[in-house]
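In: sequence first, predicted model second:
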Amino acid sequence: NLGRAILKPLHKEVIAGGKTIKLTLKETQLLEMLFRNKKQVITRDQIINKVWGLDSEVEINIVEIYIHNLRKKLVPENCGFTIETIRGIGYCVREERHV
């Protein structure tokens, strides 16, 4: 769980604000990796190795596409966390602070 979101990897979904958001397998794996390493920067290479596999020949920009898709699905639901881009390195999830 992070923010107001509950990740259910076995069901490939996130529950936030009483809504169920369906995810693809890769989106689920990517989000689970970020959740497990919250507040830590995960490099694009680490993501590709874990989600697509060491021998994968996917392009590095595939990670950007999946992050974009996750943001598009999750931001409107006000999940209570953000996926931050750490320019030139990778990504990090942080809980949103409410003032």
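Out: Arrived safely, thanks for sending. Note that the structure is a prediction, hence the values are computed from the model and not measured.

In: any weak-confidence spans in the chain?
Out: 98-99 (pLDDT under 70).

In: how about the strands in it?
Out: 5-8, 13-16, 19-22, 42-43, 81-86, 90-95 (DSSP state E).

In: could you pull out the helices in this structure for me?
Out: 25-36, 44-47, 61-74 (DSSP state H).

In: okay, the ones you listed in CSV with mean neighbour count next?
Out: Quick note: C-beta positions are derived from backbone N, CA and C, even for glycine. Shown next, in CSV, are the helices of the chain (neighbours: other Cβ atoms under 10 Å):
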stretch, mean neighbour count
helix 25-36, 19
helix 44-47, 17
helix 61-74, 16
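
In: could those helices go into TSV alongside distance to residue 17?
Out: As requested, these are arranged in TSV below (distance: least, Cβ to Cβ, whole Å):
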stretch	distance to residue 17
helix 25-36	16
helix 44-47	26
helix 61-74	10
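
In: hey, which of the strands of the chain is tucked in deepest?
Out: For the strands of the chain, the largest average neighbour count (mean count of other Cβ atoms under 10 Å) is found in strand 13-16, namely a mean of 20.

In: give me the sheet partners of that one and which way each runs.
Out: Take DSSP bridges as the rule and strand 13-16 pairs in its sheet with strand 5-8 (antiparallel), strand 19-22 (antiparallel).
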